[in-house]
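# Quick one, what's the 3D model for this:
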Amino acid sequence: MSTKRDYYEILGITKSASDADIKAAYRKMALQWHPDKHANDKKAAEEKFKEINEAYQVVSDPKKKQAYDQFGHSAFEGAAGMGGNPFAGGFRTGAGPFTWSYSTSSGGGNPFGGFADDAAGGDPFDIFEQFFGGSGFSRQPRKPRYSLTIEFMDAIKGAEKTVIIQGNEKKIKIPPGANDGTRIQYADFDVTIDVRPDSRFSREGNDLFVEQDISIATAVLGGQIEVEAIDKPVKLKVRQGTQPNTLIRLRGEGVPHLRGKGRGDLYIRLKVSIPEKINSRQRELIKQFEDAS
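Alright, predicted model coming up:
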């Protein structure tokens with residue numbers, strides 16, 4: 001009897017999970033357990049990472065998933081199995097679905113499809129990869145990897161940083177739209193980007209989120225406000241009777257797409273500001289408003 005953990009449990013999903021849910025769960029777990037993020041216990045992380053890849057390869061393939069749902073792990077165990085090796089013809093032992101780059105991206109079953117387009121040209125970003133792009137189990141000698149921490153807006157807008165690597169001064173170009181885990185490959189070393197959080201903006205993929213306070217009067221009567229965006233302030237019309245936590249979407253005001261055209265969106269959540277103290281005149285007017293209502 002197999003002692004392997006249930007594939008769905010490994011990925012934190014149920015049998016009824018959609019293709020999108022499976023990909024999202026795999027992406028989250030693979031990023032969490034990539035060996036390079038666990039320097040203190042890399043061996044255990046490598047085993048966990050392999051386990052996650054193995055689970056994804058089965059449940060993301062309709063035929064393998066069907067066999068697994070019916071027979072469990074025994075579906076892939078020698079004569080008792082229904083499908084032989086679950087990775088035959090599809091699983092790359094040394095790489096896994098977590099590995100891809102601009103030069104190799106082809107869509108299909110890649111769980112990270114949509115995060116980048118094929119690169120062109122001859123600069124180092126032709127082999128620019130998002131979400132660690134390379135496997136922790138490659139047979140080739142591993143290049144030194146350096147971590148570079150940058151500000152939130154430098155990641156959004158792009159920047160050039162001068163760093164000292166192996167005793168030499170190097171200029172690192174940060175492309176617009178970089179994010180945590182963005183990896184830049186050079187001939188002799190790799191650079192992984194870490195992004196400091198911003199006090200005002202939060203980010204999900206290529207979309208930005210920001211909270212904007214408005215007064216009670218503006219919420220009730222409507223009006224025009226000015227909201228900070230990444231390029232310049234934008235004017236926004238607030239409708240009469242706007243409710244607290246109303247979410248407004250501004251198309252094309254978000255994060256630039258890596259190596260592609262277009263940008264994400266900016267979402268503005270309106271927070272109605274309630275004064276903690278009011279004077280007698282304000283109290284009287286509010287009471288009159290309440291009575292009239």
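# What is the neighbour count of the residue nearest to residue 273 when sequence neighbours are not counted?
Closest residue in space to residue 273, ignoring its immediate chain neighbours: residue 213 at 4.5 Å, by Cβ to Cβ, 6 or more residues apart in numbering. Backbone N, C-alpha and C define where each C-beta goes, glycine included. By the criterion of other Cβ atoms under 10 Å, residue 213 has 10 neighbours.
# where's residue 213, which helix or strand?
Assigned by DSSP states H and E, residue 213 falls within strand 207-215.
# Quick one: list the elements packing against the helix or strand just after that strand.
Where DSSP H and E defines the elements, the next helix or strand beyond strand 207-215 is helix 216-221. Applying 3 or more Cβ pairs under 8 Å, 6 or more residues apart in numbering; DSSP states H and E, one finds that helix 216-221 makes contact with strand 266-273.
# Who are the packing partners of the strand it packs on?
With contacts taken as 3+ Cβ pairs under 8 Å, 6+ apart, strand 266-273 sits against strand 207-215, helix 216-221, strand 246-250.
# got a pLDDT number for the residue nearest to residue 273?
Listed pLDDT for residue 213 reads 93.
# The one 10 residues further on now?
Residue 223 is assigned a pLDDT of 92 by the prediction.
# Now do the same contact list for it.
Each residue near residue 223 by Cβ atoms under 8 Å, 6 or more residues apart in numbering is listed here: 217, 237, 238.
# I'd like those residues written out as CSV, with neighbour count and distance to residue 276 added.
Shown next, in CSV, are these (neighbours: other Cβ atoms under 10 Å; distance: Cβ to Cβ, whole Å):
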residue, neighbour count, distance to residue 276
217, 9, 16
237, 9, 28
238, 19, 22
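# out of those residues, who's nearest residue 55?
Of all the contacts of residue 223, residue 55 sits closest to residue 238, with 47.5 Å by Cβ to Cβ.
# picking that back up, single out the most deeply packed of the helices and strands packed on strand 266-273.
With neighbours taken as mean count of other Cβ atoms under 10 Å, those reach their highest mean count in strand 207-215, at a mean of 16.
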